[in-house]
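> what follows is a predicted protein model with its sequence.
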Amino acid sequence: MRDQKPYQAKIPDKFYFKIGEVSKIAGLPGHVLRFWETEFKRIKPRRTETGQRSYTKKDIEIILEIKHLLHEKKFTIDGARKYINAKTAAESPNARQLLEDLRTELTDIRKLLDDN
């Protein structure tokens, strides 16, 4: 697991998790997870053909962070949302710059291939 935070639980090595599995990992009822999906746009479980939610490890990490903010740090839902959005915004410029650099590199490679 990446940098271990004190509020993270052991997440099994799988790609996708059903809502019941996430509920057990996070120690939260399913209705709370469904409510948080509406409040926090970063939780985006994909849906299977039968309509079941399918969470990724990243979704679970966000859920555990939200639980930590709400239950242990005593944030309000609005405060936790603002905190997570601010944290995401702080990380975004690095990702944006990385994508711009990657695009420049790929453009240079394409020019080299076209010249040959």
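Cool, got the structure.
> determine the longest helix present in this protein.
Ranked by residue count under DSSP state H, the longest helix found in the chain is helix 77-115.
> quick one: list the elements packing against that helix.
Secondary-structure packing of helix 77-115 (3 or more C-beta pairs under 8 Å, 6 or more residues apart in numbering; DSSP states H and E): helix 57-67. In short, each C-beta sits where N, CA and C put it, glycine included.
> from the chain's centre, how far out does the helix it packs on sit?
7 Å (C-alpha atoms, centre = their mean, to the nearest Å).
> could you check the angle helix 77-115 makes with that helix?
150 degrees (axes from the mean of the first three to the mean of the last three C-alpha atoms, to 10 degrees).
> for the record, mean pLDDT for the longest helix of the chain?
Throughout helix 77-115, pLDDT has a mean value of 86.
> chain center to it, what's the gap?
So, by C-alpha atoms, centre = their mean, the centroid of helix 77-115 is 16 Å from its chain's centroid.
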